[in-house]
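Visitor: Next come a sequence and a model predicted from it.
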Amino acid sequence: MINKKNLTPALKQYLEIKEKHKDALLLFRMGDFYELFFQDAVTAARELEITLTSRNFGKSTEKVPMCGVPYHSVEPYIEKLIRKGYKVAICEQVEEPKPGKKIVKREVIRVITPGTYFEDEKEERFLMAIYPSGKKRYSIAWTDLSTGDVFFTTTDKEHLLSIIDKFKPKEIIAPEKVKTIFKEIKQICPESFIQIKEESFFKTLNKFHIESNNETELKVLSSIEKFIEETQLEFKPKLKKARRYVEENFIYLDPFTCKSLELTESIHNSKKEFSLFGVLDKTTTGMGRRFLKFSILHPLKSKESIDRRLEAVESLISSMFIRDEIEKILKEIYDIERIFSKISSGIASPKDLAAFRRSIKELPSLKKLLNGLSGKLFKEIKKDFDTLEDIYHELERVIVENPPFSPREGGIIKRGVDKQLDELRKITEEGEEILKQIEERERKRTGIASLKIKFNNVFGYHIEISKPNLHLVPEDYIRRQTLVNAERFITPELKEFEEKILSAKEKIEKIEYEIFSNLRKFITKNAERIQKTAEKIGLIDFLLSLSKVAIERNYCKPEITTGYSITIEEGKHPVLEKFLEEDFIPNSINLAESAFLSIVTGPNMGGKSVFLRQTALIVLMAQIGSFVPAKSAKIGIVDRIFSRVGASDNVSRGLSTFMMEMVETANILSNATKRSLLILDEIGRGTSTFDGMSIARAVVEYIAEKIKAKTLFATHYHELTELEKEIEGVFNLHVTVKEINGRIIFTHKVVPGSSEKSYGIHVARLAGLPEEVIKRAEELLLSMENNITNKIPANIKNKDDTLPLFTLKEPENYPHSEILKELETIDISTTTPLDALMILARLKKLASRKV
């Protein structure tokens, strides 16, 4: 333990400030560096990969660990720490060093946390607050400080987890009583940093003019406000008015569905380009990109709203010149929302203001182009479209064309803006000439041709004379410093000149900074205008992106109805169609009240899962207002899309593949309605054949008889195809294959009717299983089929409407049935070489046993 009495005043000051910020890494400003000490230094050096050193501070013999980063390039270091989940407190020198004063005053000016780092332009960073609101309900509020968006709502746990999955908050604040759902939150969003706050932290502040009588909604909004004030201090950005998040306006998508359909990132490599977002993203602005992502995760349910978007996209498609001109303008627009957050918080640099000026320069031209586009939505966008011309003219009047990065450097403000500033600049400019005159005069007076007048921060202006010429130095020169090859001198005249010039420069920087700060305040006063214009630009960019994709991929305009049916002619999977090297085979589907549940059969790798996913994606695309990859599409609006396509073990929850499959299926059956769209793939495959088949049939029956939702149900249980004859509304589709000389070729074509066989052994051959194993599997399959047929009681065999596999137990003493089970459950697309070897070893062991 270090004795504080023996420490330097600066380190004592550091420890006092650190005591108030124990949970943060404290960046302590000392001159040109931010220093970290003790354990903070050890942590920062490791995470930032910078040098850890140590030194004595005071009389103590114990060395203190320390590391530091330059103050002028601290941003990348802060960003790296925040991305790793750390909280960072910035401690600044808040006064200039004065002669005779041992220590300058320092204060923490801002605390940056994972949810409040709004300088990050690479991703959205939401801060969320959660508070219980009655039995199994929660009020939540969340904000992105970089855009100023604030949302709130009250909902149940299921929808809460769905919202968390969509917005992926970097930081969550909640009281102790919410702790029961922390584990589930972490499973949905593992990167969230959760902080437990005292109950008093959620005390209501009377600051919010929202339409809500819900006390807990005011509590979460108040806690968000309080957290921002406590951390951002004087650097709080201007937030938009809090808006209610109306879940009823959007299709419900649970986390499993968003992941399964790969809406914003690929399941396999987490890359955005191999997702629906990656296909539709032709945006050029940050506002447009965020609008697109929000829309994909929040498809609309209002026919009027969807039609307005489709009409606007169609108008852009048919207006090539206008579309190209709008794109040119949008390419010149920076992320206005995020720049404005920097401006309103007081951290914007002169370069940020210059970027803001360039962004709004062409808004009058953009508004003019909108006049050439038809449709209700563009009419609404044009109405009250604020071009911010007064703000542009003020920026153009005040800020130079290419300002420096730092607002403290000077050289920001144009001539003619401030009379005193212009006069001081004249003094410094004339000073340059005066300095040259003094230098030339002194050379003549002393006879030293190499005499030079120089400047540095320690000695100011001085005369430097080389050692061979020292004998020529006049008596009125005052020696200041001796170097190896020269000496430095000052004169009373030079000192008087220095005071005049430095005084002018100091005043110039002060006046420029004051004008710059007033300009930031002027822009901030127009917050609502700027934020509304930014949102409209985002919407325009979103619509333009959809039109560009539609033209490039030859998409069709879907017809939206309030009816039940969904009819898609020659539909394609939007992601695979883009990235597949060979031609994508299109498929059609018609789901109507008379035939709403399709049993889809066919071999593994035949294209069943792709067909299911593409149907869901086409419906989703239509309901965000996008054209779709199909020859034609008539979409009856759905209220929810549920997808259970593929399953994986969830080790963190201790759930097996089968248990995870059942949890997801239970969620679907509990929440689907007649207006929902369900895509279910291989329900029951994670357990024994007879158990799985029983569960699969029961699920089909429940959907068909109780829910009546539009459903595509892919299965390898061919016995389920008999349900077409038994249950109204059920019909069969199958993926065709061509069989040539005992080999199969996948056609990826979906047609009416059921598949004649599973082709599981054929797929095993394609996967490269040894021929010895393939032949043995064929023998076992034939033997098993005969064995089962022989065991069917006579009274059952003769009844066409009875499915014997649902009534029989597996044959006893049949050791090789496991081979078939193993083959049926192999998923080639996810099997690694090591998995294949292990599977082969198990098959060989089973095959060696005698029947």
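Guide: Received the coordinates, thanks.

Visitor: all contacts plus neighbour counts: C-alpha atoms, from now on.
Guide: OK.

Visitor: Quick check: what element follows the host helix or strand of residue 351 along the chain?
Guide: Assigned by DSSP states H and E, residue 351 falls within helix 350-361. Note on helix 350-361: by DSSP H and E, the next helix or strand toward the C-terminus is helix 363-370.

Visitor: remind me, longest helix of this structure?
Guide: Criterion DSSP state H: the longest helix present in the chain is helix 492-525.

Visitor: which other helices and strands contact that helix?
Guide: Packed against helix 492-525 by the contact rule (3 or more C-alpha pairs under 8 Å, 6 or more residues apart in numbering; DSSP states H and E) you find helix 336-345, helix 419-446, strand 460-466.

Visitor: I'd like those written out as TSV, with mean neighbour count, mean pLDDT and distance to residue 145 added.
Guide: Compiled in TSV, the helices and strands packed on helix 492-525 are given as follows (neighbours: other C-alpha atoms under 10 Å; pLDDT from 0 to 100; distance: least, C-alpha to C-alpha, whole Å):
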stretch	mean neighbour count	mean pLDDT	distance to residue 145
helix 336-345	25	96	7
helix 419-446	14	90	35
strand 460-466	20	92	44
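
Visitor: what's the closest of those to residue 319?
Guide: Evaluated over those, closeness to residue 319 peaks at helix 336-345, with 26.3 Å, by C-alpha to C-alpha.

Visitor: residues in contact with stretch 464-484?
Guide: Applying C-alpha atoms under 8 Å, 6 or more residues apart in numbering, the external contacts of stretch 464-484 come out as 446-448, 450-454, 459, 485-491.

Visitor: Next, give me the two most distant ones among the residues you listed.
Guide: The span of the contacts of stretch 464-484, defined through C-alpha to C-alpha, is set by 447 and 459 at 24.2 Å.

Visitor: what residue ranges in the stretch 501-650 of the chain score low on pLDDT?
Guide: Residues of the stretch 501-650 of the chain that meet the criterion pLDDT under 70 lie in 581, 646-650.

Visitor: and if we set it to 90?
Guide: For the stretch 501-650 of the chain, the stretches flagged by pLDDT under 90 are 501-506, 578-584, 602-607, 644-650.

Visitor: Show me the helices in it, by range?
Guide: All helices of the stretch 501-650 of the chain, identified by DSSP state H, counting those that start in this stretch, fall at 527-553, 574-579, 608-624.

Visitor: For the longest one, buried residues please.
Guide: Neighbour counts over helix 527-553 (16 or more other C-alpha atoms under 10 Å) mark 527, 529-550, 553 as buried.

Visitor: Counting by contacts, list what it packs against.
Guide: On a contact count with 3+ C-alpha pairs under 8 Å, 6+ apart, helix 527-553 meets helix 276-280, helix 286-297, helix 303-317, helix 320-331, helix 336-345.

Visitor: pretty sure residue 750 is touching residue 714, no?
Guide: No - in terms of C-alpha atoms under 8 Å, residue 750 does not count as a neighbour of residue 714; the distance is 11.7 Å.

Visitor: residues near residue 356, how many?
Guide: Residue 356 has 22 neighbours, counted by other C-alpha atoms under 10 Å.

Visitor: And for the one 4 residues further on?
Guide: Using other C-alpha under 10 Å, residue 360 is surrounded by 23 other residues.

Visitor: and it, what is it in contact with?
Guide: Residues in contact with residue 360 (C-alpha under 8 Å, 6+ apart) are 333, 387-389, 392.

Visitor: out of the residues you listed, who has the most neighbours?
Guide: With neighbours set by other C-alpha under 10 Å, the maximum within those is found at residue 333, which has 22 neighbours.

Visitor: which element is that one on?
Guide: For residue 333, there is no helix or strand it lies in under DSSP H and E.

Visitor: Find the nearest non-adjacent residue to it, please.
Guide: Leaving aside its chain neighbours, residue 333 sits nearest to residue 359 (4.1 Å; criterion: C-alpha to C-alpha, 6 or more residues apart in numbering).

Visitor: With residue 70 instead?
Guide: Nearest to residue 70 is residue 33, by C-alpha to C-alpha, 6+ apart, at 4.4 Å.

Visitor: rewinding a little: the longest helix of the chain vs helix 350-361, what angle?
Guide: Using axes from the mean of the first three to the mean of the last three C-alpha atoms, to 10 degrees, the inter-axis angle of helix 492-525 relative to helix 350-361 is 40 degrees.
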